[in-house]
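> just to be clear, the model below is a prediction. Sequence and coordinates:
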Amino acid sequence: MPYHVQRCSPLGAPRLDGGAEAGFVAGMKYHVTLIEEEEGGWSVICNALPGCCSQGETRKEAIENIRIAIREYLEVVEEDLRKDLRKENNGLAVIREAVLV
């Protein structure tokens, strides 16, 4: 059985290629649940992000794959938020930035 990253979104949001403008916070920790599969390999679920899941042939591969899935999940959430904020602001630019305090 081939293993691949499943990028799931609870709202069926479109997938993005990502990019430098992605709004996810680097270094943030997410708890994941690893499940050994009877057929071999591992499934992994990000507990904090509904529908964010992946898999891998080894635990290490599953963890690397969920890192990718979490990043892409958060990129979709950020883009959806930007679209919603623009609609509320009559189409004018809305910029969100992280500010270190």
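Arrived safely.

> okay, CA-based contacts and neighbour counts for the rest of this
Will do.

> what's the closest non-adjacent residue to Lys37?
Let me fix one detail, which is that residue 37 is Glu and not Lys. The shortest distance from Glu37 to any non-neighbouring residue, by CA to CA, 6 or more residues apart in numbering, is to Ser43 (6.8 Å).

> wait, what's in contact with that neighbour?
Ser43 makes contact with 34-37, 53-56, 62, according to CA atoms under 8 Å, 6 or more residues apart in numbering.

> now the buried members of the residues you listed.
If you count burial by 16 or more other CA atoms under 10 Å, the buried members of the contacts of Ser43 come out as 34, 53-56, 62.

> in this structure, which residue is most central in space?
Tyr73 (2.2 Å; CA atoms, centre = their mean).

> quick check, that one in contact with Pro50.
No - taking contacts as CA atoms under 8 Å, Tyr73 lies outside contact range of Pro50: 9.8 Å.

> if we can go back for a sec, so which of the buried ones among the contacts of Ser43 are in helices?
Cross-referencing the buried ones among the contacts of Ser43 against helices under DSSP state H gives Ala62.

> need the helix or strand of this protein with the lowest average pLDDT.
helix 59-88 (a mean of 89; mean pLDDT, DSSP states H and E).

> please point out which parts of that one sit buried.
Buried, per 16+ other CA under 10 Å, within helix 59-88: 59, 61-63, 65-67, 69-79, 82, 85.

> mind pulling up the pLDDT for the residue of the chain most remote from its centre?
Ranking residues of the chain by C-alpha distance from their mean position (CA atoms, centre = their mean) puts Asn90 at the top, at 28.2 Å. Per-residue confidence at Asn90 stands at 75 (pLDDT).

> mind checking how far it is from Glu64?
40 Å (CA to CA, to the nearest Å).

> now Ile70
10 Å.

> you'd agree Val44 is up against Ala69?
No - in terms of CA under 8 Å, Val44 does not count as a neighbour of Ala69; the distance is 10.3 Å.

> common neighbours of the two, please.
By CA under 8 Å, 6+ apart, the residues touching both Val44 and Ala69 are 53-54.

> now do the contacts for the nearest residue to Arg82 once chain neighbours are set aside.
What sits nearest to Arg82 in space, not counting adjacent residues and going by CA to CA, 6+ apart, is Val94, at 6.9 Å. For Val94, the contact set (CA under 8 Å, 6+ apart) comprises 82, 85-86.
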